[in-house]
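Asker: Give the three-dimensional model of this entry:
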Amino acid sequence: MASMRICDPMLVVLSDEFQVSTGDASAVVSAYAVVYSLSQLLYGPLGDRFGKLRVVSLAVLACAVISAITAVSYNLTMLVIMRGLMGATAAGVIPLGMAWVGDQVPYERRQETLAKLMSATVLGMMGGLWFGGLTADTLGWRTAFVVLSALFAVAAALLLRLLHAQAVPMSVDAPGFWASFRTTARLLAMPRVRGVLGVTAAEGALVFGAMAFMPTHLHQHHGFSVVAAGSVMMLYGVGGLLYSQMARQWLAWLGERGLAKTGAGLVAVGFLLLAWSTSPGLGMLACLLAGLGFYMLHNTLQVQATQMAPVARGTAVTLFASSLFLGQSTGVLLMAQSVDMGWLAHAFTAAALGVTVLGAVVYRLVGRH
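Answerer: Numbers count the residues shown, from 1 in each chain. The predicted structure follows:
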């Protein structure tokens, strides 16, 4: 998650260094998201065939190598290509981890368990946003990727040692790749699966697409420095931690449907505050509310994803991730047009309205199942 979000606060610095617009610089975000989403179609079959732990371990090792190469990118084109490759390798980590939780944890405990997994992803997102802004403003953006490479290398070493100790066997009964793709086609033919994937893509476009430009808006509209904007964005992650650490209580108070509706409402309020307030304090509050609301909504969809096709859970969850980040890439491309035309506040307003509608749709979706 740190590698996914580390470029968000760098966009202004990258646009200055490579002499392009901020919208053009955002290609480093959209390239990651596009390739990340498409790669999910491969990781589901790979995880089922070779074992989820083995695939995650090798993916993390590849991330270490690619992060090191990214640090020496000599122009924007190379940086965009390397970010795309990073998306291809990082794509195998979180969704297969979610699928493993789905395999191991009963449904009645799954929302709470996925919330604990979410704590790690939130901390990674917070660290990436803060460290990306810090290095871009002080040591240079390349330093961020050197540090990422070292962290990935340590994680890969630990995972490979664990893999060797457990000696996880490859599944001889797992379907071949063509059979796995036929399974994907069968899943997409199921109305419930299409419904979950559709709202997930919309969530990615509306929330993740807007999130990529929140540091830019904090810098341009609220007057924060690049490093301060990245630091303020950590409040988005604090909202996620506030949800994940109290997941059981939130679920008891609101229920699954209430989480979806309340979460969408908080995201909408956060986006509107960010778009139109002039107070730095309200800008900070906007990030906190948007983060809390997003994780309420997103965790509800995650649980639906782990249960929408239990007989092919690995493939189903990777399809969920693919939809989320394909939606993000679409949202980033649309938001990029607005930032170059000075319409970013209007784009956040449109995203707020869209999230409100999305919350109502998810409310009905969860109620039917």
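
Asker: And stretch 89-101, what's buried?
Answerer: Using 16 or more other C-beta atoms under 10 Å as the test for burial, stretch 89-101 gives 89-101. Quick note: C-beta positions are derived from backbone N, CA and C, even for glycine.

Asker: Among the residues you listed, name the ones in strands.
Answerer: Using DSSP state E, the subset of the buried residues of stretch 89-101 located in strands is empty.

Asker: what are the ranges of the strands in this structure?
Answerer: For the chain, applying DSSP E gives no strands.

Asker: Where does pLDDT dip in it?
Answerer: Where the chain drops to pLDDT under 70, the residues are 167-178, 180, 314, 367-369.

Asker: Take the buried residues of stretch 89-101 and write them to JSON lines, including distance to R142.
Answerer: Converted to JSON lines, the buried residues of stretch 89-101 look like this (distance: C-beta to C-beta, whole Å):
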{"residue": "T89", "distance to R142": "19"}
{"residue": "A90", "distance to R142": "19"}
{"residue": "A91", "distance to R142": "23"}
{"residue": "G92", "distance to R142": "25"}
{"residue": "V93", "distance to R142": "23"}
{"residue": "I94", "distance to R142": "25"}
{"residue": "P95", "distance to R142": "29"}
{"residue": "L96", "distance to R142": "30"}
{"residue": "G97", "distance to R142": "29"}
{"residue": "M98", "distance to R142": "32"}
{"residue": "A99", "distance to R142": "34"}
{"residue": "W100", "distance to R142": "34"}
{"residue": "V101", "distance to R142": "35"}
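
Asker: quick one, what contacts the closest residue to M118 other than its chain neighbours?
Answerer: Nearest non-adjacent residue to M118, counting by C-beta to C-beta, 6 or more residues apart in numbering: S244, 4.7 Å away. With contact set as C-beta atoms under 8 Å, 6 or more residues apart in numbering, S244 has these partners: A115, K116, M118, S119, V122, Y295, N299.

Asker: would you list those residues in JSON lines and tack on neighbour count?
Answerer: As requested, those are exported to JSON lines (neighbours: other C-beta atoms under 10 Å):
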{"residue": "A115", "neighbour count": "23"}
{"residue": "K116", "neighbour count": "12"}
{"residue": "M118", "neighbour count": "24"}
{"residue": "S119", "neighbour count": "17"}
{"residue": "V122", "neighbour count": "25"}
{"residue": "Y295", "neighbour count": "30"}
{"residue": "N299", "neighbour count": "26"}
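
Asker: Just name the closest of the buried residues of stretch 89-101 to A136, please.
Answerer: Nearest to A136 out of those is A90 (C-beta to C-beta; 20.1 Å).

Asker: Please tell me how far the closest one sits from A31.
Answerer: Going from A90 to A31 by C-beta to C-beta, to the nearest Å gives 12 Å.

Asker: Quick one: residues contacting the closest residue to G240 other than its chain neighbours.
Answerer: In this structure, G240 finds its nearest non-sequential neighbour in V122, 3.8 Å apart by C-beta to C-beta, 6+ apart. V122 sits next to M1, G237, G240, L241, S244, Y295 when contact means C-beta under 8 Å, 6+ apart.

Asker: Then V269?
Answerer: By C-beta under 8 Å, 6+ apart, the contact set of V269 is A286, L289, G293, A352.

Asker: Could you tell me how many residues sit around the closest residue to the second one other than its chain neighbours?
Answerer: Nearest in space to L289, with sequence neighbours left out and distances taken as C-beta to C-beta, 6+ apart, is G270 at 3.8 Å. Counted with other C-beta atoms under 10 Å, residues neighbouring G270 total 30.

Asker: Check P191 too.
Answerer: Residues lying near P191 (other C-beta under 10 Å) number 7.

Asker: That one and F181, how far apart?
Answerer: 20 Å.

Asker: Can you tell me which of the contacts of V269 is nearest G195?
Answerer: Using C-beta to C-beta, the contacts of V269 come closest to G195 at G293, 21.3 Å.

Asker: Could you pull up the residues touching the residue nearest to that closest one when sequence neighbours are not counted?
Answerer: Nearest residue to G293, sequence neighbours excluded (C-beta to C-beta, 6+ apart): L266, at 2.8 Å. Residues in contact with L266 (C-beta under 8 Å, 6+ apart) are L289, A290, L292, G293, M296.

Asker: From what I see, the third one and G240 are in contact.
Answerer: Yes - judged on C-beta atoms under 8 Å, L292 makes contact with G240 at a distance of 7.1 Å.
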